[in-house]
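**Q** need a structure here:
(chains A and B)
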Amino acid sequence: MALSGFPEWLPPQRMIEQAVIDRARRVFELYGFSPLETRSVEPLDTLLKKGETSKEVYLLRRLQADSDDVSDSTLGLHFDLTVPFARYVLEHAGKLQFPFRRYQIQKCWRGERPQEGRYREFLQADIDIVDRDTLPSHYEAELPLIIADVLSGLPVPPIRIQVNNRKVLAGFYRGLGVEDTEAAVRAVDKLDKIGPDGVTKELASIGVSEKQAELALRLAEISTPDGSFVDLVQKLGVKDDLLDEGLAELSNVVETARAHAPGLCYAELKIARGLDYYTGTVYETQMLGYEKAGSICSGGRYDNLASSGKDRFPGVGISIGISRMLGLLFGQNALTVSRDVPTCVVIALAAEQDRPAANLTAAKLRARGIATEVAPSAAKFGKQIKYAERRGIPFVWFAGADGSDTVKDIRSGEQVPAAAETWLPAEGDLVPVIGGSFG
RNA sequence: GUGGUCGUAGCUCAGCUGGUAGAGCACCCGGUUGUGGUCCGGGAUGUCGCGGGUUCGAGUCCCGUCGAUCACCCCA
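**A** Alright, predicted model coming up:
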């Protein structure tokens, strides 16, 4: 029985997902991130420590647990990989080298209403860099480039990473004289949905004057693929130290990206999203052609998430929402895999008593890295070929008398002499290849 | 968590105002007696998402539930 929000893919889809995981892992390690896995559960108070964030946390309880027990030590499934990581850093700080770069590819859980690309159980590929006491802001410029590296090696649509900085927003509103900057940010964030008039109304309800609202909207309209947004902001005439700090950081991120990957990053001054522990840079990522589906890769800088007493570990991180990205693309049938199974070769069986010999041949092929299975039964050869064909397996192997084996490429029909000790499939046939089509 | 739409064979869908289920593709068998894909002939297929209710009778109406999806919320 299907459970809402807990998707289960078919093997071809899982092969695609694994290819994405493999790619992410390879690239993350190429950039020097260490592998890490944290437990699936955290104490509830750890999960909720920073702000009211998610009330959608799943709790873990024993069947026999006392129903009156609502202590803070209740366990909850993590809803992202950043909060558990922050906890992990504090706990193992003595054994870690800083700055510490790690990647984590794991399931997360949120009890939200599912939709296409939104699940209750989903896979995230997360990278973070934390340092002790202070964290240079050049890391904030590095992360988008790594994400682009991962995704550009996969058959997915081109992406645009929208970057903003909470200091810009908070500083701007402060300089403007707005008291509740958080509420203002939330209101302006709805610009696309409720329009300028709607935002003005919502701002008015928290005591923002019309003049202030107008400037806030002018700020939100700013979007540039380079550092030119700084001038545009300054022309609005708002003065604030925090604002200047944010502008410098944001400019650095966008300009760095422009130098390495033009068109990848935009300074997008209306975005404010992400969990509420972010304190500076925030990222949000759209797949071109899938903008309405929301961000498939988000993150940001957090200065206060991992701190205890006088120890402070500021960090910056970003997560690829693998399940969301794939769910959206699967929904459009935009991803393909060259076969439904890993098998490259099926060894045909003329008679059941040939199975031991076939197993030997299979073992020789497998020893050289060629995925091989022996036919399920000694049916007519036509049926055995069909067995392979239905699964997209490219080759059928026929044993000949006194070692004169042949292998048939069932796509072309070409059948050639082959020896299990030496034969190799074409490079593109060795393992399933994933592909994509999108407009 | 709130509200809307949808749910018929493996897939895409048809089934008029309620009379007890169909097509195409796919699949299986045979023609082709151990080398498939074309062609021809034949064949099987469904708890009509699930559970209640109304009715002489429900795929068709009502309620609930589960699932998918959309909007809100939130966000990967």
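**Q** Geometric centre of chain A: which residue is closest?
**A** A:Ile320 (1.6 Å; Cα atoms, centre = their mean).
**Q** That one contacts A:Ile21, doesn't it?
**A** No - using Cβ atoms under 8 Å, A:Ile320 is not in contact with A:Ile21; the gap is 10.0 Å. C-beta: built from backbone N, CA, C; applies to glycine.
**Q** the strands in the stretch 1-150 of chain A, which residues?
**A** Assigned by DSSP state E, counting those that start in this stretch, the strands in the stretch 1-150 of chain A fall at A:34-35, A:41-43, A:59-60, A:75-77, A:100-109, A:121-130.
**Q** Buried deepest among the ones you listed, which one?
**A** strand A:121-130 (a mean of 24; mean count of other Cβ atoms under 10 Å).
**Q** circling back: out of the strands of the stretch 1-150 of chain A, flag the one nearest RNA strand B.
**A** strand A:121-130 (3.6 Å; Cβ to the nearest atom of the strand).
**Q** can you state the direction angle for that closest one and strand A:100-109?
**A** 160 degrees (axes from the mean of the first three to the mean of the last three Cα atoms, to 10 degrees).
**Q** got a pLDDT number for A:Leu60?
**A** With respect to pLDDT, A:Leu60 scores 89.
**Q** meant to ask about A:Asp69, not that
**A** Model confidence at A:Asp69 (pLDDT) stands at 61.
**Q** what's the strand or helix carrying the residue nearest to the centre of chain A packed up against?
**A** Using DSSP states H and E, A:Ile320 sits in strand A:315-321. Packing contacts for strand A:315-321, counted by 3 or more Cβ pairs under 8 Å, 6 or more residues apart in numbering; DSSP states H and E, involve helix A:82-92, strand A:121-130, helix A:138-152, strand A:297-302.
**Q** Name the residues contacting each of A:Ile320 and A:Ile21.
**A** Applying Cβ atoms under 8 Å, 6 or more residues apart in numbering, one finds that A:Ile320 and A:Ile21 are jointly contacted by A:Ala125.
**Q** what's the nearest residue to A:Tyr88 once chain neighbours are set aside sitting at in phi/psi?
**A** Distances taken as Cβ to Cβ, 6 or more residues apart in numbering place A:Thr38 nearest to A:Tyr88, at 5.3 Å, with adjacent residues excluded. Dihedral pair for A:Thr38: phi -110, psi 160, per degrees, to the nearest 10.
**Q** A:Leu81 is in contact with A:Thr38, correct?
**A** Yes - between A:Thr38 and A:Leu81 there is a contact at 7.4 Å, judged by Cβ under 8 Å.
**Q** Looking at these two now, which is surrounded by more residues?
**A** For A:Thr38 versus A:Leu81, neighbours defined as other Cβ atoms under 10 Å are more numerous around A:Leu81 (26 against 17).
**Q** Tell me the spacing between the residue nearest to that one when sequence neighbours are not counted and A:Glu249.
**A** Once flanking residues are discounted, A:Leu81 sits nearest to A:Asp126: 4.0 Å by Cβ to Cβ, 6+ apart. A:Asp126 sits 21 Å away from A:Glu249, going by Cβ to Cβ, to the nearest Å.
**Q** Does A:Glu284 have any beta-bridge partners, and if so which?
**A** A:Gln162 (DSSP bridges).
**Q** residue boundaries of the helices in chain A?
**A** A:11-30, A:44-47, A:82-92, A:138-152, A:166-176, A:181-189, A:191-205, A:210-220, A:229-234, A:241-260, A:322-331, A:355-367, A:381-391 (DSSP state H).
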